[in-house]
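my questions are about this predicted structure, shown below with the sequence.
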Amino acid sequence: MQSGSTQTQVLIIGAGLAGTSLALSLPSSMHVTLLSSAPVPCGASPMALGGLAAVLSAQDSLEQHIEDTLEAGARHSDKEAVRGILQAAPDAVHWLLERQVPLDRTEDGQLHLTREGGHSRRRIVHAADASGYAIMQALAPQLAKAPHVQQRTDCLALTLRRNEQGAVAGVDIYDKHTHRYETIFADHVVLATGGLGSLYAHSTNPDSALGEGVALAWRVGAAIRDLEFVQFHPTCLHAEGPTFLLTEALRGEGGHLLDKQGRRFMPDYDARAELAPRDIVSRAIAAHMRQEGSSHVWLDVRHLGADTLQQHFPKALEEGLCRGLDLRRDWVPVAPAAHYSCGGIQTDMSGRTTVPGLYAVGEVARTGLHGANRLASNSLLECVVMGRAAAEAIARSKRTQRSALVPETDAANTSSISSSCSYTNSNPSSSSSSQASASPNWGLSLNSSSSSNPRPSLMTATAADAVENAIIANNDKACQYDGNNSYSNGSGNGSHKNHSSSTNNPPSLPALRNLMQEHVGLLRNHQGLIQALHTLDHWHGQISLLPPSLDQRTLSLQLDTAWLLTRAALDRPRSLGAHYRLD
């Protein structure tokens, strides 16, 4: 295969809403290259249903939006980031309106505001129940016509390259059109690669959401933070066909969750019932599924009325009908699935990472907005706000004189990663840190900080106990606690020996997804996390012995991100937000 090189001023990797907002916000005098792994629009953005949260009503306030965000995030968010991003929300909505995004309006011409779980007010602007699709459909033609933006589709980013000064100044890619490897030199490199939900077997994310952006940044020394907080969406359609997310707004408008007897069970777990934050609703559903021995619970929205469902939820109605379910007449089977990564590459409020020349925006970034559990409809908002903020910072920055890139190093070589590579797992108010107790055997060192003080669950103590007891008592595969801070597989020996057959399977993406689903999913424990780390170590050792190939390089990135996530979950022994430890 041949290789070559090209140059650009700004290289954006990822063409979702964050990357697109950034590209359209850069001055036309700058040459921009926008890479995507598939034809645009792609990624999770077109799949987003809810909308954007913004204070646009006299009955609402910025302080209330901030409080709702902090509460949903288990008080783990960075308050300055929360205030800064939410303060910019109305401007982000107006920017979309200027871009001719067709947001829903009331009969008198005002923006229609809906409400979702965790919100105390109606503040979600939307386009029916397919907001992300409507936004991307409006922006894609404008992107195609932008003279300063060159779009390149079906390109995979494989390695970030640094120059002699240590700044990121290039990216090695593989172009699936030309079947060529190539190096793109750039003054500014932006990761907008999206989330990591498709590292799990059950996910609402596109297949491309495999977390490679996190691994790319970490390999060049960027700080990674809060990866353990993976949000599971509570109401995903449980029926034949691809996973389909039933928007939060269905519960926001008054939908009820029912058990198989037709009884509302959420009031048993939280006073806010169906409007509790997603982590609580997801765990309550998981507990009830285990209690009933079922694979799902039911969502009932019939009482909302046919007119409301047809006007505001046409996508959900259509998807249900395609699968033989009529939301106007039927209970709908739902179950939780991996949905959103609240952590990622640590950035400032301009999208800058801890490595010069490298930016990150969108779900791959950790700004501090989401904390331990994202508030509904704050994610599309963050994409627009941070995309525009990064564009402003890049436009203001002085162009650096290009210098030669240092030779590419193999990520499996222990000398390729400096001790500056860090993983931060901390309370934002705490600055203490310590060396992690373990690191993957392929030589990537970690620095993790001490665990934060636990925050009481938003569930009542009785309900929280019910979740744990139901899961342990009703899951035949559950580990058994022996009273000595260790778990066994039920044989009574209390050992940490790996009893899974995972390590006997060859490393592959399907095997990785099953491993993450089983041990690093919605409900976690010490033994399962140790087992997952052991398997990931083993798999990476196996693929490091294989001849270099495209598949080997991409799987290596996915394994790195999975390892980082698992290590972060292990290092936080107490439950917090979307991270729930049975032990």
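Nice, I can see it.

the closest residue to residue 126 other than its chain neighbours: how many residues sit nearby?
Leaving out its chain neighbours, the residue that sits closest to residue 126 by Cβ to Cβ, 6 or more residues apart in numbering is residue 51, at 3.1 Å. Quick note: C-beta positions are derived from backbone N, CA and C, even for glycine. By other Cβ atoms under 10 Å, the residues close to residue 51 number 33.

try residue 573
12.

and it, its phi and psi?
phi -80, psi -20 (degrees, to the nearest 10).

that one against residue 580, yeah?
No - counting by Cβ atoms under 8 Å, residue 573 stays clear of residue 580, with 11.8 Å between them.

on that earlier part again, the residue nearest to residue 126 and residue 377 touch, don't they?
Yes - with contact defined as Cβ under 8 Å, residue 51 and residue 377 form a contacting pair (5.2 Å).

intersection of neighbour lists for these two?
Residues touching both residue 51 and residue 377 (Cβ atoms under 8 Å, 6 or more residues apart in numbering): residue 124.

list the contacts for the residue nearest to residue 126?
103, 114, 124, 125, 126, 127, 131, 249, 377, 380 are the contacts of residue 51 under Cβ under 8 Å, 6+ apart.

any regions of this protein where pLDDT drops low?
For the chain, the stretches with pLDDT under 70 are 1-2, 399-401, 408-504.

for the residue nearest to the spatial centre of the chain, phi and psi?
Nearest to the mean C-alpha position of the chain, by Cα atoms, centre = their mean, lies residue 341 at 2.4 Å. Per-residue torsions, residue 341: phi -100, psi 110 (degrees, to the nearest 10).

also residue 312?
phi -100, psi -20.

what's the answer for residue 549, then?
The phi/psi pair for residue 549 (degrees, to the nearest 10) is phi -150, psi 170.

run a quick neighbour tally on it.
Neighbours around residue 549, by other Cβ under 10 Å: 10.

the stretch 251-400 of the chain: strands as residue ranges?
256-258, 297-300, 332-341, 344-346, 358-360, 365-366 (DSSP state E, counting those that start in this stretch).

quick one, longest helix in the chain?
helix 550-571 (DSSP state H).

buried residues in that one?
For helix 550-571, a neighbour-count test (16 or more other Cβ atoms under 10 Å) marks 553-571 as buried.

what does stretch 346-356 give?
For stretch 346-356, by 16+ other Cβ under 10 Å, it's 346, 347, 349, 350, 351, 352, 353, 354, 355.

which residues are contacting that stretch?
80-81, 84-85, 162, 165-168, 190-191, 217, 220-225, 345, 358-361, 365-367, 386-387, 389-390, 392-393, 422, 424.

for residue 189, give the beta-bridge partners.
residue 11, residue 358 (DSSP bridges).

show me what contacts the residue nearest to residue 29 when sequence neighbours are not counted?
Take residue 29 and drop its neighbours on the chain: the residue closest to it by Cβ to Cβ, 6+ apart is residue 148, 7.2 Å away. By Cβ under 8 Å, 6+ apart, the residues touching residue 148 are 26, 27, 28, 29, 30, 31, 32.

distance of the first one relative to residue 305?
For residue 26, the distance to residue 305 under the criterion Cβ to Cβ, to the nearest Å works out to 45 Å.

who has more neighbours out of the two?
Set residue 26 next to residue 305 and count neighbours by other Cβ under 10 Å: residue 26 wins out with 24 against 12.

does that one touch residue 10 like I think?
Yes - taking contacts as Cβ under 8 Å, residue 26 lies within contact range of residue 10: 6.2 Å.

so what sits against both of these two?
32, 394.

quick one: residue 151 is in a helix?
No - using DSSP: H, G, I helix; E, B strand; the rest coil, the assignment for residue 151 is strand, not a helix.
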